[in-house]
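Peer 1: Starting from these lines, generate the structure:
(chains A, B, C and D)
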2 protein chains.
Amino acid sequence: MRPSVEPERREQLIAAAARVIARSGYDAATVRDVAREAGVSTGVIAYYFDGKDDLFEHVLRSASRSFRARLEHARDAAETPRERLLALAEAATPADDEAARAHALWIDFWARAARDPELAGLTVRLYDGWRREIADAVRDGQRVGAFRDDADPDAFARGFAAAADGLATHVVLHRGTVSADDMRTACAALVDALAS
Amino acid sequence: MRPSVEPERREQLIAAAARVIARSGYDAATVRDVAREAGVSTGVIAYYFDGKDDLFEHVLRSASRSFRARLEHARDAAETPRERLLALAEAATPADDEAARAHALWIDFWARAARDPELAGLTVRLYDGWRREIADAVRDGQRVGAFRDDADPDAFARGFAAAADGLATHVVLHRGTVSADDMRTACAALVDALAS
DNA sequence: GGCTAAACTGAACGAGCGTTCAGTTATCAG
DNA sequence: CTGATAACTGAACGCTCGTTCAGTTTAGCC
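Peer 2: I've put the predicted structure just below:
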């Protein structure tokens, strides 16, 4: 019996697919492109996944896990509630070209999620988790007296997550007009509006 | 000689294409779908446009003009600087299902613009115009003493436009969590942070 | 009615896609 | 080494797409 290499190979294929999608876009990315990127034949993708849609769904799940991991790292590394919120925003900031390409992948997923209920469910769960992280940080800040008590943590989380998304999108699409530092400044202004 | 029906027919085809794209997405929308939606044969599209890409670029231009028109209406109808900013945000708010579908079309265009420099230029110009409207409203408000003088109108415009975009996207994708009224509340909070 | 040019048709074509699968290779246990 | 099975190949298939174009219809002018 030959030992299974399935877990590693699946990760390789998902990573290759993520690179191809980031480069070409969701629909323009072909199975042949992914196979070439991974250095395998097209048959391998059918061997490990139930077709292109299944592979691409795993790419979204992988990107979601990666984003969640960045959020958790941001939460644990920050010392003050203010820093914690800024770190949560930083996790969504396209700081360099690679991050900008990765964000383009998110825009692709939004476009698909607008029509595909299954993908929509995935993004809803991801964003609910993000908003919960933000709201928890606000509540912690209120508990220690860093933030105003009359602020609604959930309402702030909705606005903050959306603003970060919009800013990140503008950084990617309008690089000349909106920079990553502009995004950081804008997020800091939102957080400081909470200060008591 | 038969009189030209070209302008009307082009508008009909652009409108039909916009409906199909809003329903199915940019890439899933086919020339055959558009032809069926418009009640013509596929040849007509080649007769009036230089192919699918040309038609879809006209859809984006048309949507841009429509958004600009809504912005101008918002600008002229509002009485106070605060109302003017809220009206500019309202122009970007997906208030009903039809507006939500139309916003999905924007997400498609963002996804394409992230890779297509020509489309990117179009959206940059559109958004620069939007940000200018916002910044002008802020400056007017500062002039009449409604807004704080130490606020940077351009920085506010960058943050406000991005927040509106992000909120609109979340309203479309996470309808259960973020409503159009939530978006209005969040935008109002941003504007009120300007109040002197 | 005939002429002309615009408007339109839709079958056909070539290209590229995802998927399939019979065949091949690689790697283990015994 | 040998059999067994996991891993992999890539040509082939069926399908759909955007585009083309020879032919047809329509509407105004003389």
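
Peer 1: list the contacts for residue A:196?
Peer 2: Residue A:196 sits next to A:145, A:146, A:147, A:148, A:149 when contact means C-beta atoms under 8 Å, 6 or more residues apart in numbering or on different chains. Yep, even glycine has a C-beta here, placed from its N, CA and C like the rest.

Peer 1: could you say which helix or strand contains the residue nearest to the third one when sequence neighbours are not counted?
Peer 2: This means residue A:147. Spatial nearest neighbour of residue A:147, excluding adjacent residues (C-beta to C-beta, 6 or more residues apart in numbering or on different chains): residue A:141 at 3.8 Å. Assigned by DSSP states H and E, residue A:141 belongs to helix A:117-143.

Peer 1: Using neighbour counts, pick out the buried residues of that helix.
Peer 2: Residues of helix A:117-143 classed as buried by neighbour count (16 or more other C-beta atoms under 10 Å in any protein chain shown): A:119-120, A:122-124, A:126-127, A:130-131, A:133-138, A:140-142.

Peer 1: again, but for stretch A:98-113
Peer 2: So for stretch A:98-113, counting by 16+ other C-beta under 10 Å, buried means A:99-113.

Peer 1: among those residues, which are in helices?
Peer 2: Taking DSSP state H as the definition of helices, these contribute A:99-113.

Peer 1: Just give the number of residues close to the residue in chain A that DNA strand C sits nearest to.
Peer 2: Closest residue of chain A to DNA strand C, C-beta to the nearest atom of the strand: residue A:51 (2.5 Å). When counting by other C-beta atoms under 10 Å in any protein chain shown, one arrives at 10 neighbours for residue A:51.

Peer 1: try residue A:182
Peer 2: By other C-beta under 10 Å, the residues close to residue A:182 number 19.

Peer 1: thinking again about what came up before, of the contacts of residue A:196, which is the most crowded?
Peer 2: Going by other C-beta under 10 Å, residue A:147 tops the contacts of residue A:196 with 24 neighbours.

Peer 1: contacting residues for the most centrally placed residue in chain A?
Peer 2: For chain A, the residue nearest the mean C-alpha position is residue A:67 (4.5 Å; C-alpha atoms, centre = their mean). Counting by C-beta under 8 Å, 6+ apart, residue A:67 touches A:91, A:92, A:126, A:130.

Peer 1: Could you rerun that using 7 Å?
Peer 2: Applying C-beta atoms under 7 Å, 6 or more residues apart in numbering or on different chains to residue A:67 gives the contacts A:91, A:126.

Peer 1: so it is in which element?
Peer 2: Assigned by DSSP H and E, residue A:67 belongs to helix A:52-77.

Peer 1: That helix and DNA strand D, any residue contact?
Peer 2: No - Helix A:52-77 lies apart from DNA strand D when judged by C-beta under 7 Å from any atom of the strand; the minimum separation is 11.8 Å.
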